[in-house]
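Trainee: Sequence and predicted structure are below.
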Amino acid sequence: MTPFTYARARDTTEAIQLGALERAKYLGGGTNLIDLMRETVERPAALVDVTGLSALVEESGDGGLVVGAAAKNSAVAEHLLVRQRYPMLAKAILAGASAQIRNMATVGGNILQRTRCTYFYDEDGSRCNKRTPGQGCDAIDGINRIHAILGAPVLDASSACVATHPSDMCVALAALDASVHLHGPGGARVVPLADFHTLPGEHPEIETVLQPGELITAIALPRPSVAARSSYRKVRDRASYAFALISVGAVLEVEDGAVKDVRVALGGVAAKPWRAHKAESLLRGGPATEQAFIAAAEAELADAAPLHDNGFKIELAKRTMTAVLSALAGDLVPAGDLA
Amino acid sequence: MPIRINGTEADLPADPRVSLLDLLRETLRLPGTKKGCNQGACGACTVLVDGERILSCLALAVQYEGREVTTVEGLTGEGGMHPLQHAFIEHDGLQCGYCTPGQICSALGLFAEVARGAPSFVTADLSTETVDLTSYELRERMSGNLCRCGAHNGIVAAIAETYAAGRAA
């Protein structure tokens, strides 16, 4: 690691003051940042420890839930209000990393973990546009089985990035219409989680809409619909402690055999949790049948751009999405329609 | 405020780059906690902080000021080894032994989580307040600790037996 100063913020105001220091970074549980610092991929001059800020899980006035950004991943997944009202979120968090890492990692840190691949880590041996803008990307013609299929077309090798955002939690948050509360030198603002991460475009080194010095203080979950069902499914190379090849978080509300509301997010496919807007708009108001789910999945993946090794993800994403939605529709739909 | 290691106060490092793992092994000469991958993948460095299992390799020591850290060296009491340590021997829960301190600390963290009803990814009913520690549950909950010798069956047996005997505390 390169040298840095360390300070623990006592409150949000102090955190933002300290966060204005040159090349400062906020530190949560450190499970991604410390690892990247050890590889000298990250070289902050100052760390501002924000794990002492709000970690509360509280009901909000509108029947939703507010979770302090310093809450540990394990604490959120274990919280009874989360388990009872947002089981998909608990399930997604528990699908990520290991018990030890979930005990360290904060909600804010989970959101801000880097979109990354092994070439990003390999500072000595690989080119990476995210690590060193303009350098090129060795993943594009390398081993790219785990890489992105959506939102990262390789148009220009000097800016392209095909890494994925590996968070399970964020996929669930995107499907739940969660929002991110930010506080910075310019004041406070709220950004939908689905809009918080950015696609690589020409600047893969920029991954979020965060402004310099801005801090995530909380996430807010809207009131859950009583009639909706939700599910999180993760497909990976081993049964536990592995990033998703594909994951699907979905909320489905069916009324009289028709889709009243649907929200779907995909993980493992893009530089951000991928909200399946195309599929959702096709489904909303239509029949809640397997045929409709297949058609929606086909439409969502129509623009997928596979690399050498990851073409399988396109079919896997379609099948997983269809399976999750069909399971959620389940007995709400006449059995014949699911054949 | 210093940090407490196995009940004894210790000074925090002046350099914030020192990991909790290096503080334990290099400064305090407590080599029971092992450095495997040093990047959060293997679990060999697992210790308990205020009873919660964490990875000491990804922890900056300065972040744990005022906290109580328990390493494998802190598990031996007046009665000798911890029951879980005996069970690892009885069930051949190790070959080379390098992952063992991390496995044991991790399992003790697991016992506390199960006791308070914390669910895992494979828990069928997430709203449950009681967890049945099946083999399936146990393996999922221990997935952060790798054993390159392949002693996982013995490890699972040792943890399951200790848990069933109610000797977890």
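Mentor: Yep, that arrived. Since the structure is predicted, the reported quantities are computational estimates derived from the model, not experimental observations. Numbering: from 1, shown residues only, chains lettered A, B, ... in the order given.

Trainee: Near chain B, which residues of chain A are found?
Mentor: A:1, A:3-6, A:8, A:27, A:29-31, A:34-35, A:38, A:47, A:49, A:51, A:74, A:77-78, A:80, A:83-84, A:87, A:90-91, A:94-95, A:97-101, A:103-104, A:239-241 (C-beta under 8 Å from any C-beta of the partner chain). C-beta coordinates here come from the backbone N, C-alpha and C atoms, glycine included.

Trainee: Narrow those residues to just the buried residues.
Mentor: A:1, A:4, A:8, A:27, A:29-31, A:34-35, A:38, A:47, A:49, A:51, A:74, A:77-78, A:83, A:87, A:90-91, A:94-95, A:97-101, A:103-104, A:240-241 (16 or more other C-beta atoms under 10 Å in any protein chain shown).

Trainee: Restricted to helices, list those residues.
Mentor: Among those, the ones falling in helices (DSSP state H) are A:34-35, A:38, A:74, A:77-78, A:83, A:87, A:90-91, A:94-95, A:99-101, A:103-104.

Trainee: Kindly give the local confidence score, pLDDT, for A:Leu89.
Mentor: At A:Leu89, the pLDDT value in this model is 98.

Trainee: now A:Asp337
Mentor: At A:Asp337, pLDDT is 43.

Trainee: excluding its backbone neighbours, what's nearest the residue of chain B found nearest chain A?
Mentor: At 2.6 Å from chain A, B:Gly144 is the closest residue in chain B, using C-beta to the nearest C-beta. Of all residues not flanking B:Gly144 in the chain, A:Ser98 sits nearest, at 2.6 Å (C-beta to C-beta, 6 or more residues apart in numbering or on different chains).

Trainee: ditto for A:Arg236
Mentor: A:Ala242 (4.2 Å).

Trainee: Listing request: residues of chain B with sub-threshold pLDDT.
Mentor: B:167-169 (pLDDT under 70).

Trainee: Between its first and last residues, how far does stretch A:272-290 reach?
Mentor: With C-alpha to C-alpha, to the nearest Å as the measure, the ends of stretch A:272-290 fall 27 Å from one another.

Trainee: buried ones in that stretch?
Mentor: Under 16+ other C-beta under 10 Å, the buried positions of stretch A:272-290 are A:272-276, A:278-280, A:282-283, A:287-290.

Trainee: Just the ones in helices from those residues, please.
Mentor: Checked against DSSP H, those include these in helices: A:278-280, A:282-283, A:290.

Trainee: pretty sure B:Asp50 is touching B:Glu68, no?
Mentor: Yes: between B:Asp50 and B:Glu68 there is a contact at 5.4 Å, judged by C-beta atoms under 8 Å.

Trainee: which of those two has more neighbours?
Mentor: It is B:Glu68, of B:Asp50 and B:Glu68, that has more neighbours when counted by other C-beta atoms under 10 Å in any protein chain shown, with 15 against 12.

Trainee: Any idea what that one is bridged to?
Mentor: Under DSSP bridges, the beta-bridge partners of B:Glu68 are B:Arg4.

Trainee: residues in contact with it?
Mentor: For B:Glu68, the contact set (C-beta atoms under 8 Å, 6 or more residues apart in numbering or on different chains) comprises B:4, B:7, B:49-50.

Trainee: Tell me the one of those residues nearest A:Ser158?
Mentor: B:Val49 (44.5 Å; C-beta to C-beta).

Trainee: From B:Ile89, how far off is that closest one?
Mentor: Distance, B:Val49 to B:Ile89, using C-beta to C-beta, to the nearest Å: 26 Å.

Trainee: more neighbours, the two?
Mentor: Counted by other C-beta under 10 Å, B:Val49 and B:Ile89 do not tie: B:Val49 has more neighbours, with 20 against 13.

Trainee: my guess is the more buried one contacts B:Val69, does it?
Mentor: Yes: assessed by C-beta under 8 Å, B:Val49 is found in contact with B:Val69 at 5.5 Å.

Trainee: Give me the neighbour count for the residue of chain B closest to chain A.
Mentor: B:Gly144, neighbours per other C-beta under 10 Å, totals 26.

Trainee: Flag every residue of chain B that's near chain A.
Mentor: B:15-17, B:19, B:38-40, B:43, B:46, B:52-55, B:58-60, B:62-63, B:65, B:106, B:109-110, B:113, B:116, B:118-121, B:123, B:126-127, B:129, B:139-141, B:143-145.

Trainee: Drop anything exposed from those residues.
Mentor: B:16-17, B:19, B:38, B:40, B:43, B:46, B:52-55, B:58-60, B:62-63, B:106, B:109-110, B:113, B:118-121, B:123, B:126, B:139-141, B:143-145.

Trainee: Tell me which of these fall in helices.
Mentor: B:106, B:109-110, B:113, B:139-141.

Trainee: Show me which pair in the residues you listed is furthest apart.
Mentor: Taking C-beta to C-beta as the measure, these have their most distant pair in B:Gly109 and B:Arg139, spaced 15.4 Å apart.

Trainee: May I see the buried residues of stretch A:272-290 arranged in JSON lines, with pLDDT as well?
Mentor: Shown next, in JSON lines, are these (pLDDT from 0 to 100):
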{"residue": "A:Lys272", "pLDDT": "98"}
{"residue": "A:Pro273", "pLDDT": "98"}
{"residue": "A:Trp274", "pLDDT": "98"}
{"residue": "A:Arg275", "pLDDT": "98"}
{"residue": "A:Ala276", "pLDDT": "98"}
{"residue": "A:Lys278", "pLDDT": "98"}
{"residue": "A:Ala279", "pLDDT": "98"}
{"residue": "A:Glu280", "pLDDT": "98"}
{"residue": "A:Leu282", "pLDDT": "98"}
{"residue": "A:Leu283", "pLDDT": "98"}
{"residue": "A:Pro287", "pLDDT": "97"}
{"residue": "A:Ala288", "pLDDT": "97"}
{"residue": "A:Thr289", "pLDDT": "97"}
{"residue": "A:Glu290", "pLDDT": "97"}
